[in-house]
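Chemist: what's the 3D shape of this:
(chains A, B, C and D)
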2 protein chains.
Amino acid sequence: MPHTGEKVSDTMSMREEKPINRLQDTPFGYTLSIISGKWKMVILYWLVEAQPIRYNELQRLIGTISHKTLSVQLKELENDGLIIRREYPQIPPKVEYNLSEKGQSLYPLMESMCQWGEKYKT
Amino acid sequence: MPHTGEKVSDTMSMREEKPINRLQDTPFGYTLSIISGKWKMVILYWLVEAQPIRYNELQRLIGTISHKTLSVQLKELENDGLIIRREYPQIPPKVEYNLSEKGQSLYPLMESMCQWGEKYKT
DNA sequence: CTGTATCCTCATGGATACTG
DNA sequence: CAGTATCCATGAGGATACAG
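Modeler: Numbers count the residues shown, from 1 in each chain, chains lettered A, B, ... in the order given. Okay, the predicted model is just below:
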């Protein structure tokens, strides 16, 4: 898998005793750490579909995510630079979420996942 | 996201009251259910790199996965049809794991993940 | 409306020992 | 060698209440 142009052992192997190459430090591992978890990709998916989207609408679309979980996940996605939170100083408050360019760039990945699922889903 | 050719609400939305379209029943959700989790993609990654591979070697390569966890994950991957377990009736036992065609077909996804990580990793 | 703050449950995964 | 069995720790995620 030519993910770096280097030998695999240079970028991902745990074989070296020191320094230990942690999975997270590899491109593959980094991506994994960003999009793994139960909800990350689902949230990103809906952002692709419906951005800009407000907090409540997002929760309604996902349907089964809890209040706190959505909140935490959104904050993590924001910290990872995948989404942009835009707050309107109103009463009542209004917040819109959009994908950043970095977030948008995951679109091909989601596409691949959809196509793969389409093909292999029982 | 044209993952089915149908309207999004027909395949993924939770908006309909009944029947509720569960995420798992969508192509996207199916893929998610298959590859999510902490180790699935890591194991598949190493299979791409080093198949056919034996149980012990696999654990050694991953480096930080526990005995039980690897065992459980391998069984799930086998049940999902992504890998093929081949047992040689020897003493001591020898077992080799290979990717099935279905498993191999995830290669583009892994490729995408590597490339994305390569580009956006800090 | 858009969140935080608590508290709690439970699945995931780890350590260790044992088996064919 | 390639697992299973058992027990345990951790943290992700959920329910509910409260706040700005």
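
Chemist: how about low-confidence regions in chain A?
Modeler: A:1-21 (pLDDT under 70).

Chemist: give the contact list for the residue nearest the centre of chain A.
Modeler: Central residue of chain A (Cα atoms, centre = their mean): A:Ile35, 3.9 Å from the mean position. The neighbours of A:Ile35, taking Cβ atoms under 8 Å, 6 or more residues apart in numbering or on different chains as the test, are A:41, A:44, A:106, A:109. Backbone N, C-alpha and C define where each C-beta goes, glycine included.

Chemist: can you turn the buried part of the residues you listed into a ChimeraX selection?
Modeler: A single ChimeraX command selects the buried members of those (16 or more other Cβ atoms under 10 Å in any protein chain shown):
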select /A:41,44,106,109
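
Chemist: of the contacts of A:Ile35, list those near chain B.
Modeler: With Cβ under 8 Å from any Cβ of the partner chain as the criterion, the contacts of A:Ile35 include A:41, A:106, A:109 near chain B.

Chemist: among those residues, which are in helices?
Modeler: A:41, A:109 (DSSP state H).

Chemist: what does chain A put close to DNA strand C?
Modeler: A:54-57, A:67-68, A:71, A:74-75, A:85, A:87, A:92-95 (Cβ under 7 Å from any atom of the strand).

Chemist: what sits against A:Asp80?
Modeler: A:Ile34.

Chemist: where's it relative to B:Pro89, distance?
Modeler: Distance, A:Asp80 to B:Pro89, by Cβ to Cβ, to the nearest Å: 49 Å.

Chemist: tell me, how many residues neighbour A:Val72?
Modeler: 13 (other Cβ atoms under 10 Å in any protein chain shown).

Chemist: next, the buried residues of stretch A:63-71.
Modeler: So, applying 16+ other Cβ under 10 Å, buried residues of stretch A:63-71: A:65, A:70.

Chemist: what do you get for stretch A:73-85?
Modeler: A:73-74, A:76-77, A:80, A:82-84.

Chemist: what does A:Thr31 show for phi and psi?
Modeler: phi -60, psi -50 (degrees, to the nearest 10).

Chemist: hmm, whichever strand or helix holds A:Ser71 touching chain B?
Modeler: Under the criterion of DSSP states H and E, A:Ser71 resides in helix A:67-79. No - using Cβ under 8 Å from any Cβ, helix A:67-79 stays clear of chain B, with a minimum separation of 12.0 Å.

Chemist: what about that helix, distance to the chain center?
Modeler: 11 Å (Cα atoms, centre = their mean, to the nearest Å).

Chemist: what's it packed up against?
Modeler: helix A:40-50, helix A:55-62, strand A:83-88 (3 or more Cβ pairs under 8 Å, 6 or more residues apart in numbering or on different chains; DSSP states H and E).

Chemist: please see if that helix touches DNA strand D.
Modeler: Yes - counting by Cβ under 7 Å from any atom of the strand, DNA strand D is contacted by helix A:67-79 at A:67-69, A:72-73.

Chemist: now do that helix and helix A:55-62, the angle between them.
Modeler: 110 degrees (axes from the mean of the first three to the mean of the last three Cα atoms, to 10 degrees).

Chemist: quick one: end-to-end length of stretch A:89-103, please.
Modeler: 25 Å (Cα to Cα, to the nearest Å).

Chemist: what residues sit buried inside it?
Modeler: A:95-97, A:99, A:102-103.

Chemist: hang on, A:Leu74 packs against A:Ile43?
Modeler: Yes - using Cβ atoms under 8 Å, A:Leu74 makes contact with A:Ile43 at a distance of 7.0 Å.
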